[in-house]
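Participant: following is a predicted model, sequence given first.
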Amino acid sequence: MLVFESAEDLLSASGSELGVSDWLLIDQERINRFADATGDHQWIHTDVSRAEGGPFGATIAHGYLTLSLIPALASQNYRISGARMGINYGLNKVRFITPVRVGSRVRGRSELLSAEALAGGAAQVVWRTTIEIEGADRPACVAESVSRHHF
């Protein structure tokens, strides 16, 4: 796992692949808990019987559930140490490419696309996370997220 201890560390890693996480099982319990947390109980996510006859042949994870896994998956690939504060600054681009069927395993591939020095020893970083599905040719999600880290 890579550890970034300063803005300079982040700047020097621009354009680098940082690692790939372990596989994570997406089960119906996780999908249901996410539906409860967000109020999104659309049948393609929560109605197992109806979804079996639907377009995906099973329930699928919410796209935003897949997106929300980025912090947990990325934390296996890199860590930022020594920062006084880190904040999510936004998202540049998110694409949900392939549905994640219940029972699938996913993992996160992390890249540091760019880093820019900010005043006071801070850095703004653009990360790309690709959420891969075990055995699938195409990823579930590709997201470019932006964060700021104050050292």
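Facilitator: Great, that's in hand. Note that the structure is predicted; figures quoted are calculated from it, not measured.
Participant: mind listing what the spatially most central residue of the chain touches?
Facilitator: Computing the C-alpha centroid of the chain and ranking residues by CA atoms, centre = their mean puts residue 70 first, at 2.2 Å. By CB atoms under 8 Å, 6 or more residues apart in numbering, the residues touching residue 70 are 108, 129, 131, 143, 145. All C-beta atoms are positioned from the backbone trio N, CA, C, and that covers glycine.
Participant: output the longest helix belonging to the protein.
Facilitator: The helix of greatest length in the chain, counted in residues with DSSP state H as the criterion, is given as helix 28-38.
Participant: alpha carbons of it, as PDB, please.
Facilitator: The C-alpha atoms that make up helix 28-38 are tabulated as PDB, following Å, rounded to 0.1, in the frame of the first residue of the first chain:
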ATOM      1  CA  GLN A  28     -28.700  -8.800  -1.100                       C
ATOM      2  CA  GLU A  29     -28.300  -7.700   2.500                       C
ATOM      3  CA  ARG A  30     -25.900  -4.900   1.500                       C
ATOM      4  CA  ILE A  31     -28.200  -3.900  -1.300                       C
ATOM      5  CA  ASN A  32     -31.200  -3.800   1.000                       C
ATOM      6  CA  ARG A  33     -29.400  -1.800   3.700                       C
ATOM      7  CA  PHE A  34     -28.400   0.800   1.000                       C
ATOM      8  CA  ALA A  35     -32.000   0.900  -0.200                       C
ATOM      9  CA  ASP A  36     -33.100   1.600   3.400                       C
ATOM     10  CA  ALA A  37     -30.500   4.200   3.900                       C
ATOM     11  CA  THR A  38     -31.400   6.100   0.700                       C
END
